[in-house]
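Engineer: test case, fold it:
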Amino acid sequence: MNLLQKILTDVVKGLTCVAFLTSISAWAQTPVEWKFFTYFPVNDKPAQLNRAFAEEVAKATAGRLKITVLAAGELPFKAPDVLRVVSTNQVQMGDVALGFVAGDVPNLNVLQLPFLCTSYDQFERALPAVSRAADEELQKKFGLTVGIHWTMPPQNFWLNRPVARLEDLKNMKVRAWNPEQVEMMKRLNGSALSITSAEVIPALERKVIDGAITSALSANDWKAFEIVRHGYMVNMSMGHQVMVVNSAELAKLAPDVRNILNAKFREWAPKFRQMSEEGDQAARRNLVANKVTLVEPTPDDRKHARTLMQPMWTDWAKKFGPVAQRLLDDTARACAV
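Structural biologist: Down below sits the predicted model:
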């Protein structure tokens with residue numbers, strides 16, 4: 001090979017290498033676009049916070065991961081669909097209360113057992129044990145990674161009839177959103193209808209139900225104060241929420257983008273609690289301002305409720321096996337019940 005041929009060969013190799021490196025760089029910089037489904041209505045505070053989280057991720061990754069948050073009504077899905085639509089990659093992320101997907105993961109629903117865990121501090125104490133089990137189960141069964149565990153505010157009764165004590169719920173028809181609440185209403189000699197968030201207000205307007213179980217935050221976001229006049233503030237349970245990601249899609253992200261996303265999960269978990277707590281207090285104030293009477297149960301009523309529900313906790317653990325029993329034991333200790 002003469003000198004000229006060698007020079008030409010080296011030039012070609014150099015150009016090939018540059019082209020290869022350029023293509024790799026272009027691949028690394030190509031924006032990844034994900035969809036995130038939240039079952040909350042578009043203007044509810046959790047949906048707003050999910051959008052703020054997505055915007056922060058886009059900013060932190062310089063636009064390399066763009067997450068579009070789609071709320072209730074913007075996709076043909078409902079809360080019970082979330083695990084499956086993320087698992088099958090119809091969307092890449094979603095959030096859901098575990099109570100809504102109890103049919104898929106019934107043994108994880110321990111924090112929805114009525115009157116077992118009833119405050120933010122109790123939830124935080126119980127969460128390490130519950131989150132470990134949830135992370136393992138959701139990964140194994142659905143191929144999902146949990147980014148954030150958080151809780152909606154305490155669950156209470158919002159009624160169009162006055163209630164002064166637990167026994168007053170007898171014969172009432174109340175909206176419930178998980179199997180444990182349905183069973184609770186049976187034990188209180190009432191009945192429950194399992195309906196979605198979007199159906200609650202129309203059902204109250206048509207008097208299909210006498211009331212609904214939800215948080216003050218959701219009741220206020222739905223403007224339930226235009227229909228109901230009474231809140232029975234029993235704080236029966238917390239609403240354990242999970243933000244989940246399709247694990248296969250997470251693994252496809254460039255390592256630095258994946259690291260940024262995981263860091264944002266850790267950074268934003270406290271923000272979801274802050275939104276929940278502050279939103280709960282602001283919602284209660286606004287409900288009262290709109291002439292909703294909030295009734296606190298007496299200590300005897302609370303004690304009676306726990307006593308009444310304890311056999312239900314035992315039955316639940318027996319029905320769903322060793323993991324459920326372990327979670328019940330761990331949660332009961334953490335919540336000092």
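Engineer: and Asn156, that one's in a helix?
Structural biologist: No: counting by DSSP: H, G, I helix; E, B strand; the rest coil, Asn156 is not part of a helix but strand.
Engineer: and it, bridged to which residues?
Structural biologist: Note on Asn156: beta-bridge partners by DSSP bridges are Thr214.
Engineer: for this structure, longest helix please?
Structural biologist: helix 255-289 (DSSP state H).
Engineer: which elements pack onto that one?
Structural biologist: For helix 255-289, the packing partners by 3 or more C-beta pairs under 8 Å, 6 or more residues apart in numbering; DSSP states H and E come out as helix 45-60, strand 65-70, helix 120-142, strand 144-152, helix 216-221, helix 247-252, strand 293-295. Glycine gets a C-beta too; all of them are placed from N, C-alpha and C.
Engineer: what separation do you get for the spatially most central residue of the chain and Asp329?
Structural biologist: What sits nearest the mean C-alpha location of the chain, by C-alpha atoms, centre = their mean, is Gln241, with 2.6 Å. The gap separating Gln241 from Asp329 is 23 Å, by C-beta to C-beta, to the nearest Å.
Engineer: quick revisit: buried set for the longest helix of the chain?
Structural biologist: By neighbour count on 16 or more other C-beta atoms under 10 Å, the buried set for helix 255-289 is 257, 260-261, 264-265, 268, 272-273, 275-276, 279-280, 283-284, 287.
Engineer: now do stretch 184-203
Structural biologist: Met184, Met185, Leu188, Gly190, Ala192, Leu193, Ile195, Ser197, Glu199, Val200, Ile201, Ala203.
Engineer: contact partners for the third one?
Structural biologist: Meaning Leu188. Going by C-beta atoms under 8 Å, 6 or more residues apart in numbering, Leu188 touches Leu166, Leu169, Lys170, Leu308.
Engineer: by mean pLDDT, flag the weakest helix or strand of the chain.
Structural biologist: helix 3-29 (a mean of 52; mean pLDDT, DSSP states H and E).
Engineer: by how many degrees do the next helix or strand after it and strand 65-70 diverge?
Structural biologist: Using DSSP states H and E, the next helix or strand after helix 3-29 towards the C-terminus is strand 32-38. Put simply, strand 32-38 runs at 30 degrees to strand 65-70, going by axes from the mean of the first three to the mean of the last three C-alpha atoms, to 10 degrees.
Engineer: strand partners of strand 32-38, parallel vs antiparallel please.
Structural biologist: Going by DSSP bridges, the partners of strand 32-38 are strand 65-70 (parallel), strand 93-97 (parallel).
Engineer: okay, now the unreliable bits of the stretch 201-337 of the chain?
Structural biologist: For the stretch 201-337 of the chain, applying pLDDT under 70 flags the ranges 337.
Engineer: same question, the stretch 1-150 of the chain
Structural biologist: In the predicted model of the stretch 1-150 of the chain, residues 1-29 satisfy pLDDT under 70.
Engineer: and with 50 instead?
Structural biologist: Across the stretch 1-150 of the chain, the ranges flagged by pLDDT under 50 are 8, 11-12, 18-27.
Engineer: for the residue lying closest to Leu250 once chain neighbours are set aside, which residues make a bridge with it?
Structural biologist: Nearest residue to Leu250 in three dimensions, chain neighbours excluded: Thr145, at 5.6 Å (C-beta to C-beta, 6 or more residues apart in numbering). Beta-bridge partners for Thr145, by DSSP bridges, are Val245.
Engineer: spit out the contact partners of Thr145.
Structural biologist: Per C-beta under 8 Å, 6+ apart, neighbours of Thr145: Asp135, Leu138, Gln139, Val244, Val245, Asn246, Ser247, Leu250.
Engineer: which one of the residues you listed has the most neighbours?
Structural biologist: Comparing the contacts of Thr145 on neighbour count, Val244 comes out first with 27 neighbours (neighbours: other C-beta atoms under 10 Å).
Engineer: what's the most distant pair in the contacts of Thr145?
Structural biologist: Asp135 and Asn246 (14.7 Å; C-beta to C-beta).
Engineer: assign Pro41 to helix, strand or coil.
Structural biologist: With three-state DSSP as the criterion, Pro41 reads coil.
Engineer: tell me how many other residues surround the closest residue to it other than its chain neighbours.
Structural biologist: Spatially, and ignoring its direct neighbours in sequence, Pro41 is nearest to Ala72 (5.0 Å; C-beta to C-beta, 6+ apart). Ala72 has 19 neighbouring residues, counting by other C-beta under 10 Å.
Engineer: you'd agree Ala72 is up against Asn43?
Structural biologist: No: Ala72 lies out of contact with Asn43 (C-beta atoms under 8 Å); the separation is 10.3 Å.
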